[in-house]
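Enquirer: Okay, sequence plus prediction incoming.
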Amino acid sequence: MADLAVHTTSIPGLLVIDLPLHGDSRGWFKENWQRAKMVGLGLPDFGPVQNNMSYNAEAGVTRGLHAEPWDKLISLAQGRILGAWVDLRPGVSFGATFTLEMGTDKAVFVPRGVANGYQALEADTTYSYLVNDHWSPAARESYTYLNLADETAAIAWPIPLSEAIVSDADLAHPRLADVTPMAPRRTVITGATGQLGRALQAVLPDAVALGRDALDLTDAEAVRAYDFSGVGTIINAAAWTAVDAAETDEGRRDAWAGNVTAVANLVEAARAHRATLVHVSSDYVFDGTVTEHTEEEPFSPLGVYGVTKAAGDALVATLPDHYVVRTSWVIGEGRNFVATMAGLAAKGATPSVVDDQFGRLTFTDTLADAVVHLLATRPEAGTYNVTNDGPIRSWFEIARQVFTLTGHDAAAVSPQTTEEFAAGKVVSPRPRHSALSLDKIKATGFTPRDADEALAAHLA
């Protein structure tokens with residue numbers, strides 16, 4: 001009896017599984033889908049929701065080739081087949097073919113977009129497959145088909161198609177040269193009207209961009225009603241960021257709704273649709289007592305905003321497929337510290353800026369590029385710090401850089417303490433040290449641009 005094992009094939013993501021058969025005089029038993037064991041051996045945790053079976057009364061019944069908008073695990077309850085698969089996804093593997101003669105001791109994991117077909121080699125062959133989405137007439141509209149006799153795929157059917165039992169529909173499907181590859185699962189960007197949302201749209205122009213007017217993330221019913229079918233990635237760039245207002249009664253409720261309730265609704269949507277969730281976090285989850293924060297540091301927020309961001313991070317971490325991208329001091333197109341300082345410089349103002357809070361700027365193009373990198377390279381799920389690189393600086397130092405780079409006298413900027421800044425105001429406590437360690441994101445092959453260089457380019 002063979003051991004349970006998973007093998008790769010010539011088609012990326014198409015996997016063959018050896019299934020041990022436990023037999024005696026009564027017949028046999030097998031574990032057709034055993035989540036813990038199979039995932040441990042490299043099979044995706046694909047979350048099946050429906051089981052289908054196809055009975056083939058005679059040898060020579062030939063079905064397919066159909067690429068469907070879900071993953072599936074195919075196997076046999078009885079009989080023997082030649083299984084055939086052709087990659088109909090866009091990319092270098094488009095048109096790649098794999099065949100396997102299989103009985104009850106094999107299973108094959110078929111990823112979304114790979115056309116699946118088979119020919120029964122024995123009478124009374126019963127074919128079974130698990131899928132991770134429910135069939136519907138609407139879903140069938142997104143199938144991609146390939147002709148069983150396609151000359152490019154050149155599948156060597158043991159029983160010639162001229163002698164096989166084949167439906168007219170399967171013989172009428174297009175040849176490979178006429179097939180439009182199955183589109184990949186869509187990406188949705190929430191918070192699309194914000195600084196980061198706009199930068200993400202620039203690097204992901206095919207993504208669906210949602211602002212608050214299009215979808216209120218705090219409304220659980222609205223999120224459940226939104227059509228996330230066919231969505232493979234949700235990038236949450238939405239957040240409630242009025243840090244000081246969060247310390248007021250009304251702001252406290254709004255911060256919780258925007259940073260916790262909304263995130264909980266997105267987590268539910270991502271879980272239901274097996275989507276990767278990328279969520280943007282903040283240095284405010286820390287108290288700032290260490291010079292540079294790693295991803296492993298426990299949460300220690302000082303204010304309401306930080307508490308809500310930490311709670312959101314904890315919710316996202318319950319998903320097996322997630323990336324929390326923690327950042328700080330974000331600068332993009334719109335209202336931000338650098339824009340404010342540049343405006344004051346142009347007006348001839350002489351601002352006082354805190355000199356006892358330290359960190360690194362994060363430009364939204366760097367942050368967007370890091371998100372794209374994580375989604376392309378798929379390192380281990382979890383939290384990744386992303387800011388620009390370079391020396392750790394105070395807000396005061398950065399303000400003076402802005403004045404100098406815009407052609408104004410840096411001496412016009414004077415230092416003040418956090419206590420002096422907060423005097424007489426309702427303000428959130430802020431971490432004194434906001435710099436984030438970049439070792440983990442660099443280990444994935446992404447090196448953020450130096451913050452000083454990025455600042456100069458931004459102001460230019």
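Expert: Yes, it's here. The structure displayed is predicted, hence computed values, not measured ones.
Enquirer: got a list of contacts for the one helix or strand in the chain whose mean pLDDT sits lowest?
Expert: Lowest on mean pLDDT, DSSP states H and E among the helices and strands of the chain sits helix 137-140, with a mean of 80. Applying Cβ atoms under 8 Å, 6 or more residues apart in numbering, the contact partners of helix 137-140 are Glu68, Pro69, Trp70, Asp133, Ser229. Placement of C-beta: from N, CA and C, glycine included.
Enquirer: top of those residues by neighbour count?
Expert: Trp70 (24 neighbours; other Cβ atoms under 10 Å).
Enquirer: Is it correct that that residue is in contact with Tyr129?
Expert: No: counting by Cβ atoms under 8 Å, Trp70 stays clear of Tyr129, with 10.2 Å between them.
Enquirer: On the pLDDT front, check the residue positioned nearest the centre of the chain for me.
Expert: Closest to where the C-alpha atoms of the chain average out (Cα atoms, centre = their mean) is Thr276, at 3.1 Å. pLDDT, Thr276: 97.
Enquirer: so who does it touch?
Expert: Gly232, Thr233, Ile234, Ala270, Asp321, His322, Tyr323, Leu375.
Enquirer: same question, Leu100
Expert: Val16, Leu82, Gly83, Lys106, Val108.
Enquirer: pretty sure it belongs to a helix, no?
Expert: No: applying DSSP: H, G, I helix; E, B strand; the rest coil, one finds Leu100 to be strand, outside a helix.
Enquirer: where's the residue nearest to the centre of the chain relative to Ala270, distance?
Expert: 7 Å (Cβ to Cβ, to the nearest Å).
Enquirer: hang on, the earlier thing: going by neighbour count, which of the contacts of Leu100 comes out on top?
Expert: If you count neighbours using other Cβ under 10 Å, the busiest of the contacts of Leu100 is Val108, which has 23 neighbours.
Enquirer: In strands, which of the contacts of Leu100 fall?
Expert: Val16, Leu82, Gly83, Lys106, Val108 (DSSP state E).
Enquirer: among these, which two are most distant?
Expert: Val16 and Leu82 (13.6 Å; Cβ to Cβ).
Enquirer: In which helix or strand does Arg224 reside?
Expert: Assigned by DSSP states H and E, Arg224 belongs to helix 220-225.
Enquirer: And Asn116, by the same measure?
Expert: With DSSP H and E as the criterion, the answer for Asn116 is strand 114-120.
Enquirer: And Asp369, by the same measure?
Expert: Judged by DSSP H and E, Asp369 forms part of helix 364-377.
Enquirer: still on that earlier bit, can you pull the residues that touch both of Thr276 and Ala270?
Expert: What both Thr276 and Ala270 touch, as defined by Cβ under 8 Å, 6+ apart, is the set Ile234, Asp321, His322.
Enquirer: Not counting residues beside it along the chain, what's closest to the second one?
Expert: Just to be clear, that refers to Asp321. Thr276 (4.8 Å; Cβ to Cβ, 6 or more residues apart in numbering).
Enquirer: how near is that neighbour to Lys37?
Expert: For Thr276 relative to Lys37 (Cβ to Cβ), the value is 24 Å.
Enquirer: quick one on the thing from earlier: what is the helix holding Arg224 packed up against?
Expert: helix 262-273 (3 or more Cβ pairs under 8 Å, 6 or more residues apart in numbering; DSSP states H and E).
Enquirer: List the buried residues in the helix it packs on.
Expert: Ala262, Val263, Ala264, Asn265, Leu266, Val267, Ala269, Ala270, Arg271, His273 (16 or more other Cβ atoms under 10 Å).
Enquirer: ok, the second one touching Lys309?
Expert: No: between Val263 and Lys309 no contact is recorded; they are 9.3 Å apart, counting by Cβ under 8 Å.
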